[in-house]
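Enquirer: coordinates only, sequence not included:
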């Protein structure tokens, strides 16, 4: 069983997340915490495999909690924080993924199943090939090993983080706002992700004018 620690300052939300976790085979709720200090004590006592972690806690933010915990556990952020700075900080702290509230039960279940898949894959490996590592980290575009001229890895990582934070998909304008980028720059990276199979494009038709291109991360 994968032991999960649920951390959220809202008691009812924490209870809901516990119910979501308990509905997934192979996962069990090991404990619940409602503050950063309580989360750190619980993590030390319970040794969970995964922490569902909110950013907004009464005594410290969730990113600080994850950094203080070190690398003792994996973390999945579940939060209303949408700014690119927080998303970037969560990635740098070692978060596996980042779900923005409100989200569906299916979205959380998908992430939990992904965590289970990663754990199984790592347990089955004695010595990894590069393609094994690429699949585990999900860091390389499918169609290319190198970014084309004019695209920078840090910006690509930022756009990728924004896509991860919006699993329902978003437009180039929305991506630019979330990542503090120009719309032209966001569109270039999104189109590159679409060309290399890292994202899919759908068209949203309005009343008049050209349809809006919307991008959703794959994998």
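Expert: The structure has been received and is ready for your questions. Since we're looking at a predicted model, the values are computed, not measured.

Enquirer: Please count neighbours and contacts with C-alpha atoms only from this point.
Expert: Fine.

Enquirer: Sketch out the low-pLDDT regions of this structure for me.
Expert: Low-confidence segments of the chain, defined by pLDDT under 70: 131-132, 134-146, 207-209, 219.

Enquirer: got the residue ranges for the helices in it?
Expert: Along the chain, counting by DSSP state H, helices occupy 11-22, 36-46, 62-69, 84-93, 105-124, 130-137, 153-165, 172-179, 183-195.

Enquirer: other SSEs contacting the last one?
Expert: Identification of packing neighbours for helix 183-195 by 3 or more CA pairs under 8 Å, 6 or more residues apart in numbering; DSSP states H and E yields helix 153-165, helix 172-179, strand 199-204.

Enquirer: Starting from the shortest one, tell me which strands it pairs with and how they run.
Expert: Listed by DSSP bridges, the sheet partners of strand 199-204 and their directions read strand 212-217 (antiparallel).

Enquirer: how close does the residue most central in space within the chain get to residue 165?
Expert: Central residue of the chain (CA atoms, centre = their mean): residue 97, 2.1 Å from the mean position. Distance, residue 97 to residue 165, using CA to CA, to the nearest Å: 8 Å.

Enquirer: repeat for residue 75
Expert: 15 Å.

Enquirer: what do you get for residue 72?
Expert: 24 Å.

Enquirer: How about residue 26?
Expert: From residue 26 to residue 165 the distance is 25 Å (CA to CA).

Enquirer: Name the residue in the two with the higher neighbour count.
Expert: residue 165 (20 against 13; other CA atoms under 10 Å).

Enquirer: Tell me how far that one lies from residue 37.
Expert: Counting by CA to CA, the gap from residue 165 to residue 37 is 26 Å.

Enquirer: Kindly report the same for residue 122.
Expert: To residue 37, residue 122 is 31 Å away according to CA to CA.
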